[in-house]
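**Q** coords please:
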Amino acid sequence: MKTRAELKAMAEAQIKGNIGILFVISLIIGAISIAANWLLGLIPVVGSLAATVIVTPAFTISVLRVYQNLALAQKPQVGDAFTGFDDFWTAFKAQLLVSVFTFLWSLLFVIPGIIKGFSYSQTMMVVAENKGISAREALNRSKAMMEGHKMDLFVLNLSFIGWVLLCGITFGIAYIWVGPYMQATLVNFYNDVKPAPEESVVEQPVEAEVAPAE
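**A** Next up is the predicted model:
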């Protein structure tokens, strides 16, 4: 497995020369998300929640595909901001499964919820990379590939604390570079821990997740 330094060095190389287009894609997604929240927010009680449910999962897939393409040395395009809507329902169901199961495990105390959160952390990345996959299979693949790697991801996330603080000090300006750098690094982590194509992923029934004693 690659070291954190190697994953970050790869990310720096991937985003070099692409910050401008990545910023434009982020602006488009941000503007549409704000507009959707404002419009649907006019609907009492459920409006804001509906906006989040409609646009967030699909845009998450779009962003992940942008950075996966960067990892493959493909230049991002403005239209990439909308590719996640090709798998709208899968993205929605995958995000719902992750949210529900993480919440249920959190009811057993905070720590189990955090651990399961890391276990499910690659679900949306699996959906982004594998068109046509089911939400359940994506979650199962995430669980399988994160076996033995949850602490690696935890430490990797901790290593970004200094960059996050820099974003705060610069009133968010530094995020124009830091955001892509972090996202590219996390996608590189996924590419490093996912099984090789010839390896089979042992699927586990999702229903087992709702049982407190897993």
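
**Q** longest helix anywhere in the chain?
**A** Identified as the longest helix of the chain according to DSSP state H is helix 47-71.

**Q** So what touches that one?
**A** By Cβ atoms under 8 Å, 6 or more residues apart in numbering, the surrounding residues in contact with helix 47-71 are 10, 14-15, 18, 22, 25, 29, 32-33, 36-37, 39-41, 43, 75-76, 80-85, 87-88, 91-92, 94-95, 124-125, 127-129, 180, 183-184, 187-188, 191. Every C-beta, even on glycine, is put in place using the N, C-alpha and C of the backbone.

**Q** go on, stretch 159-172?
**A** Contact partners of stretch 159-172, identified using Cβ under 8 Å, 6+ apart, comprise 4, 8, 173-175, 178, 181-182, 185.

**Q** What about the contacts of helix 47-71, which are in helices?
**A** Those of the contacts of helix 47-71 lying in helices (DSSP H): 10, 14-15, 22, 25, 29, 32-33, 36-37, 39-40, 88, 91-92, 94-95, 124-125, 127-129, 180, 183-184, 187-188, 191.

**Q** Pull out the buried residues from those residues.
**A** Neighbour-count burial (16 or more other Cβ atoms under 10 Å) is assigned, among the ones in helices among the contacts of helix 47-71, to 10, 14-15, 22, 25, 29, 33, 36-37, 40, 91-92, 94-95, 124-125, 127-129, 180, 183-184, 187-188, 191.

**Q** how about low-confidence regions in the chain?
**A** 41, 44-48, 198-214 (pLDDT under 70).

**Q** Please repeat the previous calculation with a cut-off of 90.
**A** Across the chain, residues meeting the criterion (pLDDT under 90) sit at 1, 33-55, 108-112, 195-214.
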